[in-house]
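Q: Attaching a predicted model along with its sequence, questions to come.
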Amino acid sequence: MAHHIPPLNFGMVADDLYRSGQPNELNFPFLEKLQLKKIIFLAPDDPSQQFVNFCDDQDIELIHLGMDTHTNPWNPISEDIVISALKIVLDPDSYPLHIMCNLGRHRTGTVVGCLRKLQRWNLTSILEEYRRFAGSKVRLLNEQFIELFDTDLVGIPDNAPKGLYLN
């Protein structure tokens, strides 16, 4: 029997919504089982060619939002990228959907944290989830970004996925 190995920092965010770091070939059989429609890739660098090929083979739309090349990789993700990512997350036609960056910690954690604000989670719970995935690599700038993120910048569509419990 084949073993299915999830990517680094894999987690389920909501029904049919997942998060992780960038997968390698060992993770592809696991990802296949998720029957993904779209992947939001938030890393500043290009995804690996093997990963791009996997997405092509599986007919998964790979959306690369991380390319704010003028920024230092240590800077928090830009507000524009977070808003673009959340618009995809709020579109039911995107599901099953996976959000990822290189390690599944900071950029992914920031987007998920801002989603949790839209879901009206309290800040303590949001930051606890961020820290659980960031481990010892917590970045206070990201926590501050999540705390100060203005959810009014993101319009919640009437048809937002029911599993997000936004309406």
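A: Ah, there it is. Residues are numbered from 1 along each chain as shown.
Q: Am I right that residue 84 is in contact with residue 65?
A: Yes - using Cβ atoms under 8 Å, residue 84 is in contact with residue 65, at 5.4 Å. Placement of C-beta: from N, CA and C, glycine included.
Q: Pick out whichever of the two has more residues nearby.
A: residue 65 (21 against 16; other Cβ atoms under 10 Å).
Q: what pLDDT does that one get?
A: At residue 65, the pLDDT value in this model is 93.
Q: Would you map the strands across this protein?
A: 11-14, 17-21, 38-41, 61-64, 97-101 (DSSP state E).
Q: Give the pairing partners of the third one; include direction for each.
A: Just to be clear, that refers to strand 38-41. With DSSP bridges as the test, strand 38-41 is paired with strand 61-64 (parallel), strand 97-101 (parallel).
Q: avg pLDDT for the longest one?
A: Average pLDDT, strand 97-101: 97.
Q: from the chain's centre, how far out does that strand sit?
A: When distances are taken as Cα atoms, centre = their mean, to the nearest Å, strand 97-101 is centred 4 Å away from the chain's centroid.
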